[in-house]
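sequence plus the predicted model coming up.
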Amino acid sequence: MNLISTERQLLRYLPVMTVIVLIAQPGLAHAYVGPAATMNFFGAAFGLIAAILSAIGVLLFWPMKIFLRFVCRVISPAQARTVESESAG
């Protein structure tokens, strides 16, 4: 079967396929979507954006937190007394 005969077969069924497509299309839906659906959409979108931004913030600031914990190390009073007694004596 060559390409030309395949095209002719498709063209023979074109009017039938066109009628089927036009009949199968849904009509106009007379439906009212109230403000509740819009608020649900915006609430979900806000939640998704907040989650993504939180994840990015954690990834960016986690190394800073570790660095600051290393630099600003707080020593307990017992460790301070031990350090003072070692340096004094």
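It's in. Numbering: from 1, shown residues only.

so the spatially most central residue of the chain is in which element?
The geometric centre of the chain, computed from its C-alpha atoms, lies nearest to Leu48 (Cα atoms, centre = their mean), at 5.8 Å. Per DSSP states H and E: Leu48 is located in helix 35-71.

and His30, by the same measure?
Using DSSP H and E, His30 sits in no helix or strand.

list the residues that contact it.
Contact criterion Cβ atoms under 8 Å, 6 or more residues apart in numbering gives no residues in contact with His30. Backbone N, C-alpha and C define where each C-beta goes, glycine included.

and it, what's its pLDDT?
Note for His30: predicted pLDDT of 73.

against Trp62, how distant is Ile56?
Here the criterion is Cβ to Cβ, to the nearest Å. By it, Ile56 lies 11 Å from Trp62.

again, but for Ser54
Ser54 is 12 Å from Trp62, by Cβ to Cβ.

give the residues shared as contacts by these two.
By Cβ under 8 Å, 6+ apart, no residue touches both Ser54 and Trp62.

just to revisit the earlier point, could you give the mean pLDDT of the helix holding Leu48?
Taken as a whole, helix 35-71 has a mean pLDDT of 90.
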